[in-house]
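*Asks:* Dropping the sequence and predicted coords here.
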Amino acid sequence: MALSVNSLLRSGRNAVLVLRRRAFHRSAQAAVQVTVRDALNQALDEELERDERVFLLGEEVAQYDGAYKVSRGLWKKYGDKRVIDTPISEMGFTGIAVGAAMAGLRPICEFMTFNFSMQAIDQVINSAAKTCYMSAGLQAVPIVFRGPNGASAGVAAQHSQCFAAWYAHCPGLKVVSPWNSEDAKGLLKSAIRDDNPVVFLENELMYGVPFEMSDEAQSKDFTVPIGKAKVERQGSHVTLVSHSRYVSHCLDAANVLAKEGIECEVLNLRTIRPMDVESIEASVMKTNHLVTVEGGWPQFGVGAEICARIMEGPAFNYLDAPAIRVTGVDIPMPYAKILEDNSLPQIKDIIFSIKKTLNV
Amino acid sequence: MQNMLSLLYSALCRLTGRAAGAQTVSELLIGLSEYASLTLPAVPPDLAQTQRLTPKAPPVVGAKAGAAPLASASLAAPVARVTASRTYSDFTPQVTLDIKKCELHLLEEGPSAKAELTREQGLRYYRTMQTVRRMELKADQLYKQKIIRGFCHLYDGQEACAAGVEAAINPTDHLITAYRAHAYTYTRGVSVKQVLCELTGRRGGVSKGKGGSMHMYAPRFYGGNGIVGAQVPLGAGIALACQYQGNNQLCVTLYGDGAANQGQLFETFNMAALWKLPCIFICENNQYGMGTSAERASASTDYYKRGDYIPGIRVDGMDVLCVREAVKFAADLCRAGKGPIVLELQTYRYHGHSMSDPGVSYRSREEIQEVRSKNDPIALLKEQMLSNNMASAEELKEMDVAIRKEVEEAAQFATADSEPPLDDMCNHIFKNDPPLEVRGTNPWSVLKSVS
């Protein structure tokens, strides 16, 4: 890849922009800074107000204001009927939520973390996901399962698993993984309005991160469509596909590489299932190189699926090198900080993989 | 006079398809008076006396004395029109029967020890149970002919539970059960034809052939659930929806003696009791969870007490009236906001666990035969009706014949109906969604799915 004068100039300008862009990612309209947590809270509030059938249940969602404060203020505003504290009974309350959805309500079932959803996974898959099909469309299940997914900080193996691949494996489910505040708000509203079971994978480490929210995104009717990826950064040399927290990592890696004249196109999947393969293909056909980035384990993961789909589709012929996956290390999550940090993709890992792919 | 009367009488008999048996003037008058009371407001007292061949029964509430027998005959509309030579006026319109007293847990009072049964109800319950019995036996036959495949869990022996539950609740109430679900699918409104078609996997099935034995649905009937115990939290959730919507409805949530040991039941009991959900939990204890008897699976076989802090009632599940009274009691409790409640219906299944289980490796043939001969729910009701002169043996026999015919026709339809079209295979994954593409078995196979 010859580096032209233009790209040298561009990288110089970009370096300045990177410094200005450190903490936030600006959109065209200057607007308000909203954390992901507050964006989720707004979405819940607006949807509870909009439709009486919507209600929230889960552990500590009401009087505790939510284990991670995502549902802060909602119990005070809507009361016991709409915001329900449950006992510690995942299988039980998940089944109750699914039954309520079958009988005409629109529950939002919170898992304190998705690790605990394993206790209830039968209700998610066998009672929720498959029912519309088994009943040939007679019985719908309009439910949202939401909660933090993936690694946190120092919570060790049982509390750090990423479930994107597990849930995305199953027909009948929609699986959504927002990155920023706009994603969080727009996708949660779409999920609640969807007549089908949606698994909504949040990320604890993103809750406190502020993002620009445009005026449009602050409107009560703002939704982000499920099933469409978003190009967060245009580029021409390599396509980076990611979801949730690692979109930030990809953008940071892209900024570093831009100084070297490597322009990365960063695709924020937003939805894991149904996956927007067309957007990935269009990007790969432009850049000829693909690197996927995720926090989950490598085997049978999101990146594995992306690679398989690219191989089977038209974009394969445009690849100048094999597609590469950057993933979490294939081990249960360790506790010690140094070990934990090194068992998840770091920016340097992404940069390394991109350079290997580009052979630079 | 006699000629005129007999002309009139035989003309009326021809019109209604009845055999004209009357000969003498008084017989003709009696026969004609039945037609007369259809139009006249009251029958003269002396004729009313001669019509009754049995001691006068308590009058049916709301009906006039003379018109009562015919009123109950016309209410028996779902029954095939009977052309017996005995007239309807011979039958007792209503009777109060003593039923077995229930064992109670955390309740001062329980269901009534007396059940009122009208002729119309008796015939209806009989018809329901007999239809379920014949449908299940037909399914057995079709399975052995390999026309039905996969799972097939039959309900014969347990008919009184399904019939009694449905008799006690409203059509607007909700019900969910486990995999032994064909009877409830029927009582909740799905036709025998649609049930059998679903079992044979044809497009006429209630789930268009996509669900099979364990996944049939209807409005206010949530299946048919394959995972043992999973339906119990679902049922409590449906009850939550009833409470949330303030519609005075309730949910009947059924499970078996095997499922009674599932953890999610206890999680559900806790939440249902905490939130006072209008949920009637019913354990159909047929004494065997697959091949494991209740005593070998449960440290406590007092299933009606397993709700611990939730009141419970143990009921004779072979007596449709016992079941009805108990469920009625439970329903009243729930609608008064005092739910939930646990019922244990003690019942028995004649077949093995499923069609792949002969059902005799873990129990004796003698035991099965004993229940069949002494405790069959249909025979019990028949006996009650006949001994109280509420129906004739011929009438019930005609009903049996009609039901057999209905089930046979349904089975023939289910056997001949065509299989679901291949291009329906990927439909109904989602509800109200735009069409999407579904990957087939290979990358070039791109299938279409619509909602």
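*Replies:* Received it, and whenever you're ready, just let me know what you need.
*Asks:* What ranges does chain A have for its strands?
*Replies:* Assignment of strands within chain A using DSSP state E yields the ranges A:32-35, A:54-58, A:83-85, A:106-110, A:144-148, A:174-176, A:198-202, A:210-213, A:230-233, A:238-242, A:264-268, A:271-273, A:290-293, A:324-326.
*Asks:* Spell out which strands sit alongside the first one in the sheet and which way each one runs.
*Replies:* Which is strand A:32-35. Strand A:32-35 has its sheet partners listed here by DSSP bridges as strand A:210-213 (antiparallel).
*Asks:* Now do the buried residues in stretch B:252-264.
*Replies:* B:V252, B:T253, B:L254, B:Y255, B:G256, B:D257, B:G258, B:A259, B:A260, B:N261, B:Q262, B:Q264 (16 or more other CB atoms under 10 Å in any protein chain shown). Just so you know, the C-beta spots here come from the backbone N, C-alpha and C atoms, and that holds for glycine as well.
*Asks:* Quick check: the third one touching B:C279?
*Replies:* No: applying CB atoms under 8 Å as the test, B:L254 and B:C279 come out as separate, 11.1 Å apart.
*Asks:* pLDDT below threshold where in chain A?
*Replies:* Along chain A, the model assigns pLDDT under 70 to residues A:1-30.
*Asks:* shared neighbours of B:L254 and B:C279, anything?
*Replies:* With contacts taken as CB atoms under 8 Å, 6 or more residues apart in numbering or on different chains, B:L254 and B:C279 have B:G235 as neighbours in common.
*Asks:* pLDDT weak spots in chain B?
*Replies:* B:1-88.
*Asks:* dump the residue contacts of the nearest residue to A:Q346 once chain neighbours are set aside.
*Replies:* Leaving aside its sequence neighbours, A:Q346 sits nearest to A:H249 (CB to CB, 6 or more residues apart in numbering or on different chains; 7.5 Å). Going by CB under 8 Å, 6+ apart, A:H249 touches A:S242, A:V293, A:P345, A:Q346, A:I347, A:I350.
*Asks:* So which of the residues you listed wins on neighbours?
*Replies:* Scoring these on neighbours with other CB atoms under 10 Å in any protein chain shown, the highest-scoring entry is A:S242 at 29 neighbours.
*Asks:* Quick check, it in contact with A:D252.
*Replies:* No: applying CB under 8 Å as the test, A:S242 and A:D252 come out as separate, 11.4 Å apart.
*Asks:* most neighbours per residue, which of the strands of chain A?
*Replies:* Highest mean neighbour count of the strands of chain A: strand A:238-242, a mean of 30 (counted as mean count of other CB atoms under 10 Å in any protein chain shown).
*Asks:* same for that strand, what does it pack against?
*Replies:* Secondary-structure packing of strand A:238-242 (3 or more CB pairs under 8 Å, 6 or more residues apart in numbering or on different chains; DSSP states H and E): helix A:246-258, strand A:264-268, helix A:277-287, strand A:290-293, helix A:347-358.
*Asks:* Distance from the chain centre to that strand, please.
*Replies:* Distance, stretch centre to chain centre, for strand A:238-242: 15 Å (CA atoms, centre = their mean, to the nearest Å).
*Asks:* In CSV, list the C-alpha atoms belonging to it.
*Replies:* Extracted C-alpha coordinates of strand A:238-242, given in CSV (Å, rounded to 0.1, in the frame of the first residue of the first chain):
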residue,chain,number,x,y,z
VAL,A,238,-9.6,-2.3,6.0
THR,A,239,-13.0,-3.0,7.4
LEU,A,240,-13.3,-3.4,11.2
VAL,A,241,-16.6,-5.0,12.3
SER,A,242,-17.4,-4.9,16.0
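*Asks:* Residues contacting it, please?
*Replies:* A:229, A:249-250, A:253-254, A:262, A:264-269, A:280, A:283-284, A:286-287, A:289-294, A:303, A:306, A:350, A:354, A:357-358.
*Asks:* Mind jotting down where the helices sit in the stretch 51-200 of chain B?
*Replies:* Ranges of helices in the stretch 51-200 of chain B, per DSSP state H, counting those that start in this stretch, are B:68-75, B:119-144, B:159-168, B:182-187, B:192-199.
*Asks:* same question, chain A
*Replies:* For chain A, helices defined by DSSP state H occupy the ranges A:5-20, A:36-50, A:74-78, A:90-102, A:121-122, A:131-134, A:164-168, A:181-193, A:246-258, A:277-287, A:302-312, A:337-341, A:347-358.
*Asks:* Tell me, how many residues neighbour residue 208?
*Replies:* Here I'm looking at chain A. Neighbours of A:G208 under the rule other CB under 10 Å: 12.
*Asks:* looking at chain B here, not the other one
*Replies:* Under the criterion other CB under 10 Å, the count of neighbours that B:K208 has is 21.
*Asks:* A helix includes it, no?
*Replies:* No: assessed with DSSP: H, G, I helix; E, B strand; the rest coil, B:K208 is coil; it does not lie in a helix.
*Asks:* unless I'm mixing things up, it is touching B:M425, no?
*Replies:* No: using CB under 8 Å, B:K208 is not in contact with B:M425; the gap is 10.4 Å.
*Asks:* partner strands of the one helix or strand B:Y255 maps to, parallel or antiparallel?
*Replies:* B:Y255 is part of strand B:251-256 when elements are defined by DSSP states H and E. Counting by DSSP bridges, the strands paired with strand B:251-256 are strand B:174-176 (parallel), strand B:279-285 (parallel).
*Asks:* Identify the residue spatially nearest to A:Y335, adjacent ones excluded.
*Replies:* A:A156 (4.4 Å).
*Asks:* shouldn't that neighbour be in contact with A:A336?
*Replies:* No: under the contact definition of CB under 8 Å, A:A156 does not touch A:A336, with a separation of 9.6 Å.
*Asks:* More neighbours: the two, which one.
*Replies:* Taking other CB under 10 Å, A:A156 and A:A336 do not tie; A:A156 has more neighbours (14 against 10).
*Asks:* Report the contact partners of that one.
*Replies:* So A:A156 contacts A:M333, A:P334, A:Y335 (CB under 8 Å, 6+ apart).
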